[in-house]
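Peer 1: please find the sequence and the predicted model below.
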2 protein chains.
Amino acid sequence: MSINYPNGKKFTKKRIPEGKKNVYKKDDSFGNRGMSFEDDINETNDYYLAHEFAVIHKKPTPLQIVNVHYPKRSAAVVTEAYFQKPSTTDYNGLYNGYYIDFEAKETKNKTSFPLKNFHDHQLTHMERVVKHSGIAFILLHFAYHGEVYFLPAEYLLRFCETMERKSIPKVEIEEHGILVKTGYMPRIDYLKAVDTYLATRNK
Amino acid sequence: MSINYPNGKKFTKKRIPEGKKNVYKKDDSFGNRGMSFEDDINETNDYYLAHEFAVIHKKPTPLQIVNVHYPKRSAAVVTEAYFQKPSTTDYNGLYNGYYIDFEAKETKNKTSFPLKNFHDHQLTHMERVVKHSGIAFILLHFAYHGEVYFLPAEYLLRFCETMERKSIPKVEIEEHGILVKTGYMPRIDYLKAVDTYLATRNK
């Protein structure tokens, strides 16, 4: 990288005080129970980025900021903010010229995947992505089995449209999804599943 | 839309109390001086979304959450959080199968555009997007002239690599950028500029 950073903006003054980091444990009700699965995906994305395979990031948690305090000589502190319903999926980015968009969830269930964590507007968003020729999917982690599946949004949307059921049976996911190779580096190699999906789709 | 929302998650309980909304005015130091320009872009994106031209969203402001309070019978309140340096650009999405990624800035300067608001990692991010065949650009608003320019990231990156200057002269932007049509609906019709850019690039 030989980019000259123009007039380097100083963030040192704005640094978060030591001992203030990572104290917060996310609220279960926002569907973040699967922290270690989320961490694994973030590390996978870091791996893809470092190895120039893809440029995929998690979006920040949407917050409605109500009050901010600006103390002298230290970082601005948000003192009142509320969680907002996300209007899109959590992850998006770019892979080999393709627009990539996905949501990742996990369950302790053994035989089916509950759909309650997918919001209406997230389904709408995935439908739009499919319509505009992007690649939309979900990554489903069956914690009990230690398995991760790639499931195309097309299948999820069709399932939600036609079914009354509140969960997708695991056998259906095995049939319509792709088992994702997990390991050390990268942890959850979902781009291989994207390749497999593309090979089938583009046939 | 006929998607059956599975087991509808209730957010009514979590609603932000009335009178708590839009109180916050963003901190100037985070490059958000151009609120009305930002609003115009957000409305443009809403227009594109509603008319099925594109699926482009602004990313939430990244915050490091330190403390959250969970009052009974009302929404969880973040009581301590700090602004984080964004690791990507503010806007991304999908247009006609293309991955779109951009940053929007405005200036009151008459003859040049200061580069100080572009962070190093944002330039790195745009370079990665270009490398992976996405469309990366900046939208520059000259408030004095009432003009908005589309400038491809390729040009911005070349400028930052080779030049010592802390701003891009307006004449250079006129030569290497594309003047964006502004109006009522949509406010800032930057997708037309994307079309023009693509027509040139794909020649």
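Peer 2: Nice, I can see it. Numbers count the residues shown, from 1 in each chain, chains lettered A, B, ... in the order given.

Peer 1: does A:Tyr99 belong to a helix, a strand or coil?
Peer 2: When classified by DSSP: H, G, I helix; E, B strand; the rest coil, A:Tyr99 comes out as strand.

Peer 1: let me fix that: A:Ala81
Peer 2: On the basis of three-state DSSP, A:Ala81 is classed as strand.

Peer 1: give the bridge partners for it, please.
Peer 2: Using DSSP bridges, the beta-bridge partners of A:Ala81 come out as A:Ile65, B:Val78.

Peer 1: ok, it - contacts?
Peer 2: By C-beta atoms under 8 Å, 6 or more residues apart in numbering or on different chains, the contact set of A:Ala81 is A:Leu63, A:Gln64, A:Ile65, A:Val66, A:Asn67, B:Leu63, B:Val77, B:Val78, B:Ala81. (C-beta placed from N, C-alpha, C; glycine too.)

Peer 1: contacts only, for A:Trp157.
Peer 2: For residue A:157 the amino acid is Leu, not Trp. A:Leu123, A:Met126, A:Glu127, A:Val130, B:Ile3.

Peer 1: among those, who's most crowded?
Peer 2: Each of the contacts of A:Leu157 was scored for neighbours by other C-beta atoms under 10 Å in any protein chain shown, and A:Met126 scores highest at 28 neighbours.

Peer 1: which helices and strands sit right next to the helix or strand where that one lies?
Peer 2: Using DSSP states H and E, A:Met126 falls within helix A:120-131. Under the contact criterion of 3 or more C-beta pairs under 8 Å, 6 or more residues apart in numbering or on different chains; DSSP states H and E, helix A:120-131 touches strand A:98-107, strand A:135-142, helix A:153-162, strand B:55-58.

Peer 1: columns distance to A:Thr162 and pLDDT on top of the contacts of A:Ala81, output as JSON lines?
Peer 2: Conversion of those to JSON lines gives the following (distance: C-beta to C-beta, whole Å; pLDDT from 0 to 100):
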{"residue": "A:Leu63", "distance to A:Thr162": "36", "pLDDT": "93"}
{"residue": "A:Gln64", "distance to A:Thr162": "35", "pLDDT": "93"}
{"residue": "A:Ile65", "distance to A:Thr162": "40", "pLDDT": "94"}
{"residue": "A:Val66", "distance to A:Thr162": "42", "pLDDT": "95"}
{"residue": "A:Asn67", "distance to A:Thr162": "46", "pLDDT": "95"}
{"residue": "B:Leu63", "distance to A:Thr162": "39", "pLDDT": "93"}
{"residue": "B:Val77", "distance to A:Thr162": "40", "pLDDT": "95"}
{"residue": "B:Val78", "distance to A:Thr162": "39", "pLDDT": "95"}
{"residue": "B:Ala81", "distance to A:Thr162": "42", "pLDDT": "95"}
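
Peer 1: so can I have a markdown table of those residues showing distance to B:Ala143?
Peer 2: As requested, the contacts of A:Ala81 are exported to a markdown table (distance: C-beta to C-beta, whole Å):
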| residue | distance to B:Ala143 |
| --- | --- |
| A:Leu63 | 28 |
| A:Gln64 | 27 |
| A:Ile65 | 25 |
| A:Val66 | 28 |
| A:Asn67 | 29 |
| B:Leu63 | 28 |
| B:Val77 | 36 |
| B:Val78 | 33 |
| B:Ala81 | 31 |
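
Peer 1: pull out the buried members of those residues.
Peer 2: A:Leu63, A:Gln64, A:Ile65, A:Val66, B:Leu63, B:Val77, B:Val78, B:Ala81 (16 or more other C-beta atoms under 10 Å in any protein chain shown).

Peer 1: distance of the third one from A:Lys192?
Peer 2: Put plainly, it is A:Ile65. Noted for A:Ile65: a distance of 39 Å to A:Lys192, by C-beta to C-beta, to the nearest Å.

Peer 1: likewise for the fifth one?
Peer 2: B:Leu63 sits at a distance of 33 Å from A:Lys192 (criterion: C-beta to C-beta).

Peer 1: what angle sits between the longest helix anywhere in chain A and strand A:98-107?
Peer 2: Ranked by residue count, the top helix of chain A under DSSP state H comes out as helix A:35-50. Following axes from the mean of the first three to the mean of the last three C-alpha atoms, to 10 degrees, one obtains 160 degrees for the angle between helix A:35-50 and strand A:98-107.

Peer 1: show me which residues of stretch A:130-140 are buried.
Peer 2: A:Val130, A:His132, A:Gly134, A:Ile135, A:Ala136, A:Phe137, A:Ile138, A:Leu139, A:Leu140.

Peer 1: please identify which helix or strand holds the residue of chain A positioned farthest from its centre.
Peer 2: Relative to the C-alpha centroid of chain A, counting by C-alpha atoms, centre = their mean, A:Lys72 is the outermost residue, at 36.4 Å. Here A:Lys72 is covered by no helix or strand, with elements defined by DSSP H and E.

Peer 1: with A:Val68 instead?
Peer 2: Using DSSP H and E, A:Val68 sits within strand A:63-69.

Peer 1: what packs against that strand?
Peer 2: Strand A:63-69 makes packing contacts with strand A:77-83, strand B:63-69 when contacts are defined by 3+ C-beta pairs under 8 Å, 6+ apart.
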